[in-house]
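Engineer: okay, structure incoming, though there's no sequence with it:
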């Protein structure tokens, strides 16, 4: 019996990543035949959707395959009978990211868009929206898989699976992909000669590596890292080295993001330098994106441009295509994904979402049981997961006290009055996307809270102007 | 870099299963090139070793491959530089199995050679011997993998990994293999169209099945079973049906051995009938084995004879070859094996050994995290694992009270004075293989304990005669 | 501030135990002043309620205290503004117990009214009724404490706390009380010279003992037991000794009921003897009760008669009074009660109910953290708790498959066709009290299921006659 | 049988706290008769030992009881046949505390002597010494109880119980004592009208409170705290208020030390102010101590002077006496102590030490099972315990990488190069007490590491001078 061709829906289809996604589907078409592709976006993203949508159609037209790319602002229309839904949207657009970063920096704190204060607010804005998407899917495509790569991927995936009850969801991240591509050569191996075992949380995982004979070669990579080689580091993370002795005691490879926690001082210094100089990562990305969209407008461009790899999230979309392919064809290949724990990390609750090497096939992600972590890593993971759960709880209930709890737990936010000030300014700055916190935000307005960072003030003023038009 | 050809050592090489093992290696030679094969046995098994060893060499000689089969009674000589060690020995030979079965039956109790009183004594005899093998391996082949298919596979594998500290050990069983081969056709599928997820303990597991699209089809198989079709049942287990409503509530497929626990009455009646009539399974197998060895003597026979499949343990050896192949070639294929839990079954301790779907590659078995079981299955598994741990503890310490604990916990042994009598008779009957229990056995002898079953008396008398010679 | 006098309500007030309860309150009146006592019963119990109610009033009238004992068949009237509600009712009266016992015995199985098949059915009958009582309490006395001593106390208390959500509930049992009264003298101590630590489940617990200097003297008691002394054994349990070596390995004192599990054969033989002879325990109790009520009718009797101690449940009511006293006066004294686990037995789930030494005060029961059990005991407890949870689930849902699961798990019921027959006969025999199982019972009737035991047939015929009148 | 009078040994007997300890024993003498008291100290503490020892003897002489206070520098002599050993020593004396505080402050980090960098080093210095004491006790007084109130009490007690295997150890702290004394009046209750339930770790616990009727009144105290009243705060902790909304969400009372974690910014500012001004807490205490010893020299002083309560550790010694009394007389009274978890906090491992309400009697501390914590508190506790375990591991092994792990985890230490600098300076400053880290310290010396803080430089110079003499 021949399998039905699939319908793919991409929420946040106007993203600059879409061409990579198209490329991923085109190169896998022989295995993964596509019926139709729908790119969905919101009214504010209409212009970008049209640019990138035309570009996407040109890519398919230049391929041997006859696939129609549908563009729509109507999510329900798109979701009808979908087989796979990928989510790559950003509530509040890049401006929101810039606010997430600049407000903490204006008080001398790391503005980090995933695990830090920024990540907390990105989760607060995203979770209600993804909850609405899940409600739509329950009605319109109850058998579809959701492949989430909206950050913070771990918290968003947990909300989808545990809180909104959509079990057919897999969270993706490019950080493990980059590590697996780049690390082997540092110790004299080809990519396919190394087996990986990852376990932890999104942007907070550890891995061990083994050669083809099953011998652990993690120590060799630690030595390479300690001698100054670093690889697989996402472009958005400053390359501050880990302390050699700490890596040796750890006996595992921490992901790139761990330097925020293990070298906070230097990461803060680096971030402050950018904040005071060329602008935060969000501002840099905004500029890159502008260039990308200029490129995409070129009616002769029918393939993914090289410049996209500078964007930071490279490999994300390719991982999504590979994941969809593995599900569709029951490939049972190992990937590192966010999925329900079920005991894989026995230091964490069975119900929570972890990021762990899993075999991907028709039934979704089957996580490998990793067992227990050493003391330090167990402590970090349990604490970070608790923080994530406070954030999700706050997103669902609008409980300000719960947000204070999350802020206090977060190791990138020194607790106290400045932390509270940052929290309040972020609430105010993102007010349009935080209806659950309306009461608190109204109080802050009555108290005439002023956002300190001038660029953020400016952005907000511009946004208000646009709305008025 | 070309990989080194492997040296295979088989402990208990005189077993009637050896030709299946040879066949398995021959058909995989292109992927799994073999340097040499060593079949090891003990002096009492010398005759069988020579018959089966010659047969094995004939099989290789009839193949396109040049492999030498070495026969030896010297385990150390064989283990030197081994890459893979398979263990298929039976301490006390088939006579021991017959004692394990007949003594309980003589008191109206199920004599079952794996989970029942027989299984407890098989573990007591085997664990000290496998401990010695591990000690040899630590010195002679410290990087080798042990592939254990000596029953009770779960307890023996746990002793090897947890108690003797040999991590590179995988326990195998043919029960899941048979289920996976036979079940799909009962619900209209080909074998390769179904994904399996097994979890539990050796001879005490449950599974769920999914079609190629990831949809669970377990219910369809339950309906098939409830309408009278049964498949994948090992030849040694009487086909008493499960209660339909119980399977429906369970929502999973229990393995064939579960009928000993869910239909104890009928299984006992069936066993008593054989005990009173054609003889217990061990007696039947002894006859089959005799025939097999007659066949093996035929100098023209150079392939596995059809009759071997009647033997009961079919597919075992093939599974062992496939497992070795998967490790050698890092195939990362799913198999159901006994391996360290590490959270895979989160109702059980991380350190214990479970039998669970795992991906087999160069690093060994990576178990899939299954999560929690429903109430009833959790209770059974926790209790059975506790019983296994009492048995292992008793085997290591010779503590008679611990054996009484294991006997009381075992659901196939009604507790009380007859159970104790069975325990004592088994200690006496197996005295040569239970040095840890010497004191207790001496006391039993002083008390003039008499074994009730006449055939067992006869077997012991014969054995004494042989020793005298 | 003087504390308010309390209102006590006793559900099942017509029980023969009520005089012990009254005695307990009278002797504690100075500490525990009582406003009023309400004895509640059902129409079928009206005659007994009146006899025992008058007796109760006479007891108070003979005391220095002016307390009115109210009798009613209207539960809601009684519960209004209650401070403490004690539950000692028996759904189906003693006839139900006799059915619970005789039907299993008629198939050669232990008919045990707490943990065995009888206990399962007692739970099935009781849980729906106690659920209704809780619903009444939520409206009529939302701050009251429920002190449950209706058996099977563990399962009933778990249903109340975990399933019906009434947190202010403590389950009591006289088994630990009797052990604590009787054991010290066996090893040369006074009662108050020994500290106890109990942990386990109702009718399935273990304890350790310590002298006044904190030294463990459990071993001395084990030696005493092994030398033939046994104490604290409830009257309803035949005194079959434990195996000495097993106690020594255990290193703890099992409760009296454990002999059902550790000496099943002898306990069954003893039970069959009674079944074939003087009648089961229920039949004996029925006779005793008849005598008691004859005594209670005597208008000159104004104190608890000596004969009541023969009844088997002695000390139960006194424990209830002491527990109420400890709550009312925040005494923080150690008692062994059924309460929410919360980690006290870390081998069991936090949410389940365990029976464990707890300090009783104004906030209820504070369980002492015991930690982990040795292998065998852990296995037993986890399995028994799983069985209990299957029973509660079945009681709440009417799922016949779940009942089959519970029957299979229960170590006192050999699984198979006779077990199913016993299950079906019990369903039929108790049909008036099992509305959730109506469909299944209707099917059994259509299939003309006949109850084998003639005495049970007779009882049912009598009951039908009574109903007709 | 009359109980034997007890022998008390106090390690660190020259402490200024000793008079409070004496007072505590004197006022309990009728219940807790004392045979002899031994005050032990090290040669550097000889002068203080003699002053405080004479003072202690005067206190007894002024009492109605005839007790001899022995002074010795020979620990073994003192420990012989001891019944209770209290430990209140400070390795490196108050100078060590000053170093612990000033070095972090010199890099703008909180120098906190219990949970912060200072606490980590206090543990590193103390654990080897307490290990030696345990070794002595195993030989000289194998039945004695150790009552530890050497900080960091949680880590030290864990090392004693879990790592050194001395089960008869209870850790004490005055923080809960002070809370229980002061809080009730804030909400209109007497001390004895409130029941407390504490759970957590030393200097990192939470509590709930209940009135005499069992009603929870925690919310009333939260409201009182939020309206500005704070009570039970140790003198050494600056009174920075918690965020009201956070307390409300928490629903429990955090201990005073939590403000270091929940208001880090303000606590750091306050500490820096003292560091730059009147001196750190250690410097203040050193001055107070000097005054105290001047007082103690007064040959007419025969009772505890009022000034001792300013010292900060008040109630500590009284708690120790009460704990000893409860054990000796099997009082079974609730106290908040550090003891083995055993499931009491089910979010933490059974083997670790927690600080939790326990009933104290002849068998030691029986912890109340608390169950699970809300997300945020669970995360904090799991992380803090992991940090403690890294510290203990480092203390036992001398692993520098493990220390880096502990420093990174500790929320009071921003990770990075300054943290490492602080770590290295502390190693150097405490080199005499850290033999396990000799290699690392030698390397630091070769690298000519200079301690930045001038006062610490000065202290070290003075100490070297003294040694030379």
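Structural biologist: Now that the structure is in, tell me what you want to look at. As the structure is a prediction and not an experimental result, all values here were calculated from the model.

Engineer: where does pLDDT dip in the stretch 101-250 of chain A?
Structural biologist: A:231 (pLDDT under 70).

Engineer: what are the buried residues along stretch A:108-118?
Structural biologist: By neighbour count on 16 or more other C-beta atoms under 10 Å in any protein chain shown, the buried set for stretch A:108-118 is A:109-118. To be clear about C-beta, it is placed using only N, CA and C from the backbone, and glycine gets the same treatment.

Engineer: now swap in stretch A:235-248 and tell me
Structural biologist: Neighbour-count burial for stretch A:235-248, counted by 16+ other C-beta under 10 Å, picks out A:236-238, A:240, A:242-243, A:245-248.

Engineer: would you pull up the residue in the stretch 1-150 of chain A closest to chain D?
Structural biologist: Nearest to chain D, among the residues of the stretch 1-150 of chain A, is residue A:107, at 9.7 Å (C-beta to the nearest C-beta).

Engineer: can you pick out the most distant pair from the buried residues of stretch A:108-118?
Structural biologist: Spatially, the most separated pair among the buried residues of stretch A:108-118 is A:109 and A:114, at 14.8 Å (C-beta to C-beta).

Engineer: element containing residue A:86?
Structural biologist: Assigned by DSSP states H and E, residue A:86 belongs to strand A:84-87.

Engineer: which residue is the nearest non-sequential neighbour of residue A:270?
Structural biologist: Nearest non-adjacent residue to residue A:270, counting by C-beta to C-beta, 6 or more residues apart in numbering or on different chains: residue A:238, 4.2 Å away.

Engineer: as TSV, the buried residues of stretch A:108-118 with distance to chain B and secondary structure would be great.
Structural biologist: Formatted as TSV, the buried residues of stretch A:108-118 follow (distance: C-beta to the nearest C-beta, whole Å; DSSP: H, G, I helix; E, B strand; the rest coil):
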residue	distance to chain B	secondary structure
A:109	36	coil
A:110	33	coil
A:111	35	coil
A:112	30	coil
A:113	30	coil
A:114	25	coil
A:115	24	coil
A:116	29	coil
A:117	32	helix
A:118	31	helix
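
Engineer: three-state assignment of the residue nearest to residue A:270?
Structural biologist: coil (DSSP: H, G, I helix; E, B strand; the rest coil).

Engineer: that one against residue A:268, yeah?
Structural biologist: No: taking contacts as C-beta atoms under 8 Å, residue A:238 lies outside contact range of residue A:268: 10.2 Å.

Engineer: ok, which stretches of the stretch 251-400 of chain A are helices?
Structural biologist: A:259-262, A:264-276, A:281-297, A:316-328, A:375-397, A:400-409 (DSSP state H, counting those that start in this stretch).

Engineer: follow-up on the earlier one: for residue A:122, see how far away the residue nearest to residue A:270 is.
Structural biologist: 20 Å (C-beta to C-beta, to the nearest Å).

Engineer: same check, this time on residue A:174
Structural biologist: 16 Å.

Engineer: higher neighbour count, those two?
Structural biologist: Comparing residue A:174 with residue A:122 by neighbour count (other C-beta atoms under 10 Å in any protein chain shown), the higher total belongs to residue A:122, at 27 against 21.

Engineer: list the helices and strands the strand or helix carrying that one packs on?
Structural biologist: Here residue A:122 sits within helix A:117-140, counting by DSSP H and E. Counting contacts by 3 or more C-beta pairs under 8 Å, 6 or more residues apart in numbering or on different chains; DSSP states H and E, helix A:117-140 packs against helix A:75-79, strand A:84-87, helix A:93-105, strand A:145-148, helix A:153-158, helix A:375-397, helix A:400-409, helix A:417-429.

Engineer: go with 7 Å
Structural biologist: helix A:75-79, strand A:84-87, helix A:93-105, helix A:153-158, helix A:375-397, helix A:417-429 (3 or more C-beta pairs under 7 Å, 6 or more residues apart in numbering or on different chains; DSSP states H and E).

Engineer: next helix or strand past the helix or strand harbouring residue A:9?
Structural biologist: Residue A:9 is located in strand A:6-11, with elements delineated by DSSP H and E. Counting by DSSP H and E, the next helix or strand C-terminal to strand A:6-11 is helix A:18-27.

Engineer: need the contact partners of that next one.
Structural biologist: With contact meaning C-beta atoms under 7 Å, 6 or more residues apart in numbering or on different chains, helix A:18-27 is reached by A:10, A:32, A:34, A:39, A:52, A:55-56, A:59-60, A:63, A:65, A:304, A:308, A:317-318, A:320-321.

Engineer: surely residue A:244 meets residue A:226?
Structural biologist: Yes: Residue A:244 is in contact with residue A:226 according to C-beta atoms under 7 Å; the separation is 4.2 Å.

Engineer: next up, the contacts around the residue in the stretch 51-200 of chain A that chain B sits nearest to.
Structural biologist: As assessed by C-beta to the nearest C-beta, chain B sits closest to residue A:195 within the stretch 51-200 of chain A, at 5.7 Å. By C-beta under 7 Å, 6+ apart, the contact set of residue A:195 is A:209-210, B:330, B:361-363.

Engineer: how much space between it and residue B:143?
Structural biologist: Taken as C-beta to C-beta, the span from residue A:195 to residue B:143 is 17 Å.

Engineer: what sits closest to residue A:247 if chain neighbours are left out?
Structural biologist: In space, residue A:247 is closest to residue A:222, 4.9 Å off (C-beta to C-beta, 6+ apart).

Engineer: can you list the residues of the stretch 51-200 of chain A near chain B?
Structural biologist: residue A:195 (C-beta under 7 Å from any C-beta of the partner chain).

Engineer: try 10 Å this time
Structural biologist: Residues of the stretch 51-200 of chain A lying near chain B by C-beta under 10 Å from any C-beta of the partner chain: A:143, A:145, A:168, A:192-195, A:197.

Engineer: quick check on the residues you listed: which are buried?
Structural biologist: Buried positions within those, assessed by neighbour count (16+ other C-beta under 10 Å), are A:145, A:168, A:193-195, A:197.

Engineer: from the residues you listed, which two are the most distant?
Structural biologist: It's A:168 and A:193 that sit farthest apart of those, by C-beta to C-beta, at 33.4 Å.

Engineer: now do the end-to-end distance for stretch A:26-35.
Structural biologist: Taking C-alpha to C-alpha, to the nearest Å, stretch A:26-35 runs 12 Å from one end to the other.

Engineer: measure how buried residue A:299 is and give me the count.
Structural biologist: Other residues near residue A:299 come to 9 when the count uses other C-beta under 10 Å.

Engineer: residue contacts, it?
Structural biologist: Applying C-beta atoms under 10 Å, 6 or more residues apart in numbering or on different chains, we find residue A:299 in contact with A:54-55, A:58.

Engineer: what packs against the strand holding residue A:86?
Structural biologist: Here strand A:84-87 touches strand A:6-11, strand A:34-40, helix A:75-79, helix A:117-140, strand A:145-148, helix A:153-158, strand A:169-171, helix A:316-328, going by 3 or more C-beta pairs under 10 Å, 6 or more residues apart in numbering or on different chains; DSSP states H and E.

Engineer: partners of it, with directions?
Structural biologist: With DSSP bridges as the test, strand A:84-87 is paired with strand A:6-11 (parallel), strand A:145-148 (parallel).
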